[in-house]
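**Q** Return a 3D structure for these sequence lines:
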Amino acid sequence: MFTRAFLASRLTAKSAVVQNAAPRSLFSTSAVTQKAKLPHEKLRYAPEVSELKLGDYTAQSQRTGVIARKKGMTGMWDEWGVRVPVTVLQLEKVQVVSIIKTSNPSCARLQIGCGVRKEKNTSKPLKGHYDAHGVEPKAKVFEFPVTPDAALPVGTEITAAHFVPGQLVDVTAPSLGKGFQGVMKRWGFSGGRASHGNSLAHRTPGSTGNINPGRVYPGKKMPGRMGGKNVTVIRLPVMKVDTALNCIWVKGPVPGHDEQFIKVRDSTKLIKHRLFPEGAAVPFPTYIPGQSPALPRETIAKVGGQDPLVPSSD
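**A** Numbers count the residues shown, from 1 in each chain. Predicted structure coming up:
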């Protein structure tokens, strides 16, 4: 047992050591920061873009994508009079928010913002991020990989003229959520028999396993939450570009509901396809008013080929 005098002497010695110790700085370097300064840590690269100017597009170049709002579906007629179902996507104040540093000097990433968010609905960290780059708060922000020659200065506005009518794009958005669904709707099962001994098992999945190993394998197709996941539809042609309304008409359906934010970028999987129409003037790294040639309000893609409404002479 420690006596009361012994404990008092220990406390007195400890307080003397604390008083003689050097005062600890409020900005002392943590262990995480010390680790980041080690010589074997990877360097971070970011292209330095001081001014916005036109460049030369090459097959290895990768332009930035944009964020658009899905306005709904409609139809248009091509040059042969054939009706084409299209989805209208509108670009609303799309700007470059920041340039993200990467560990690969041959690859860069741009942070793109869309829309406007009220300051009262913006958190203080995000507000400081936008103020540091001189950009107003955005409703939605995504990152897009680009090549260093396609990097854009912070604050650059991207319009619908960024796309060329007739080019192919990939669109990504969350699909429509359908809630908890059974296997027939979720996975396309045929279900059980309608009669002949079937009792209350018309839409059931049936057997889900066997005795050995006595468990259900991971990934088994069973009832569950359907939809509400990111879906990418590739190689959709741009049928029309409207520079006044800042809209693009994309052929076919696009995932998501109306007013959904859609990521649109140049198509990447080009097997036996051309990204841009032959002889098209590609705005690189984007369309720059005053430097790029003037465009009419509406530019419609040319389908080309033979008139499908006229029978062939074969």
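**Q** what's the closest non-adjacent residue to Phe261?
**A** The shortest distance from Phe261 to any non-neighbouring residue, by Cβ to Cβ, 6 or more residues apart in numbering, is to Lys140 (4.7 Å). Every residue, glycine included, has its C-beta placed from N, CA and C.
**Q** Going along the chain, name the strands of this protein.
**A** Assigned by DSSP state E, the chain shows strands spanning 66-77, 83-90, 94-100, 108-114, 140-146, 157-158, 168-174, 179-181, 224-226, 230-242, 247-251, 261-266, 298-300.
**Q** List the buried residues in the second one.
**A** Think strand 83-90. Val84, Val86, Thr87, Val88, Leu89, Gln90 (16 or more other Cβ atoms under 10 Å).
**Q** for the nearest residue to Leu110 once chain neighbours are set aside, what are its contacts?
**A** With sequence-adjacent residues excluded and distances taken as Cβ to Cβ, 6+ apart, Leu110 is closest to Thr64, at 4.9 Å. Neighbouring residues of Thr64 by Cβ atoms under 8 Å, 6 or more residues apart in numbering: Val96, Leu110, Ile112, Phe144, Val146, Ala150, Leu152, Ile158, Arg265, Pro285, Thr286.
**Q** JSON lines please, covering the strands of the chain and showing distance to Pro47 and mean pLDDT.
**A** JSON lines is the format used below for those (distance: least, Cβ to Cβ, whole Å; pLDDT from 0 to 100):
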{"stretch": "strand 66-77", "distance to Pro47": "19", "mean pLDDT": "97"}
{"stretch": "strand 83-90", "distance to Pro47": "28", "mean pLDDT": "97"}
{"stretch": "strand 94-100", "distance to Pro47": "7", "mean pLDDT": "96"}
{"stretch": "strand 108-114", "distance to Pro47": "5", "mean pLDDT": "96"}
{"stretch": "strand 140-146", "distance to Pro47": "9", "mean pLDDT": "96"}
{"stretch": "strand 157-158", "distance to Pro47": "17", "mean pLDDT": "96"}
{"stretch": "strand 168-174", "distance to Pro47": "23", "mean pLDDT": "97"}
{"stretch": "strand 179-181", "distance to Pro47": "45", "mean pLDDT": "97"}
{"stretch": "strand 224-226", "distance to Pro47": "41", "mean pLDDT": "97"}
{"stretch": "strand 230-242", "distance to Pro47": "26", "mean pLDDT": "97"}
{"stretch": "strand 247-251", "distance to Pro47": "27", "mean pLDDT": "98"}
{"stretch": "strand 261-266", "distance to Pro47": "18", "mean pLDDT": "97"}
{"stretch": "strand 298-300", "distance to Pro47": "30", "mean pLDDT": "95"}
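**Q** so which of the ones you listed comes closest to Pro205?
**A** strand 224-226 (11.0 Å; Cβ to Cβ).
**Q** List the strands paired with the closest one, with their directions.
**A** strand 179-181 (antiparallel) (DSSP bridges).
**Q** tell me the helices in the stretch 1-150 of the chain, going along the chain?
**A** 4-20, 31-36, 124-133 (DSSP state H, counting those that start in this stretch).
**Q** how close does the most centrally placed residue in the chain sit to Tyr45?
**A** Central residue of the chain (Cα atoms, centre = their mean): Lys263, 4.7 Å from the mean position. For Lys263, the distance to Tyr45 equals 24 Å [Cβ to Cβ, to the nearest Å].
**Q** With Glu278 instead?
**A** 35 Å.
**Q** which one of these two has more residues nearby?
**A** Comparing Glu278 with Tyr45 by other Cβ atoms under 10 Å, the one with more neighbours is Tyr45, at 15 against 7.
**Q** could you measure the residue lying closest to the more buried one once chain neighbours are set aside against Lys251, distance?
**A** In this structure, Tyr45 finds its nearest non-sequential neighbour in Pro105, 4.3 Å apart by Cβ to Cβ, 6+ apart. As judged by Cβ to Cβ, Pro105 and Lys251 stand 37 Å apart.
**Q** What lies in contact with stretch 266-276?
**A** With contact meaning Cβ under 8 Å, 6+ apart, stretch 266-276 is reached by 62-63, 65, 164, 166-170, 234-236, 282.
**Q** go on, stretch 201-211?
**A** 182-184, 189, 191-194, 215-217, 220-223.
**Q** Now do that stretch, average pLDDT.
**A** For stretch 201-211, the mean pLDDT works out to 90.
**Q** Of all pairs in the contacts of stretch 201-211, which one is the farthest apart?
**A** Top of the distance list for the contacts of stretch 201-211 (Cβ to Cβ): Ala194 and Arg215, 31.8 Å.
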